[in-house]
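>>> Need the 3D shape of this:
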Amino acid sequence: MRDISTKLGDIRFSRNMINDIVARSMEAFSDRAELLNYRGGHKNVRVEDGEDGMEITAYIVVRFGESIKEVTEGILDSIYDEVEKVTGQRPAKVTVIVTGTAAKNTVKRHIEVSR
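Got it, this is the predicted structure:
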């Protein structure tokens, strides 16, 4: 869980809430990537409390023909911005792992991009 202190009191963000924020930040990329692994599992987001703050890992499948670099960079920016907007704190680290590319069949991949 992530706790934030304000003048009005403490606010607690559960991992599920952070998962929902990440899923919402992915909506702009719904035609280019999906938040799932190559087996089709949904909601593949891991949230951990690191030494420097919240660390988020998102597992995605990119549609065939899309630039993996453009998609992952856009998703990283979107996750950072959305989490900071909602929680008031910027994540210490966000990692996007491309687990596959989707066409007629999903092809397994493992490409990790983090910032």
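
>>> list the helices and strands the lengthiest helix in the chain packs on?
If you go by DSSP state H, the chain has its longest helix at helix 68-87. In terms of contacts (3 or more C-beta pairs under 8 Å, 6 or more residues apart in numbering; DSSP states H and E), helix 68-87 is packed against strand 9-13, helix 15-25, strand 53-63, strand 93-102, strand 106-114. C-beta coordinates here come from the backbone N, C-alpha and C atoms, glycine included.

>>> swap the cut-off to 7 Å and go again
helix 15-25, strand 53-63, strand 93-102, strand 106-114 (3 or more C-beta pairs under 7 Å, 6 or more residues apart in numbering; DSSP states H and E).

>>> and these as a markdown table, adding distance to residue 76 and mean neighbour count?
Compiled in a markdown table, the helices and strands packed on helix 68-87 are given as follows (distance: least, C-beta to C-beta, whole Å; neighbours: other C-beta atoms under 10 Å):
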| stretch | distance to residue 76 | mean neighbour count |
| --- | --- | --- |
| helix 15-25 | 10 | 18 |
| strand 53-63 | 9 | 21 |
| strand 93-102 | 5 | 20 |
| strand 106-114 | 7 | 13 |
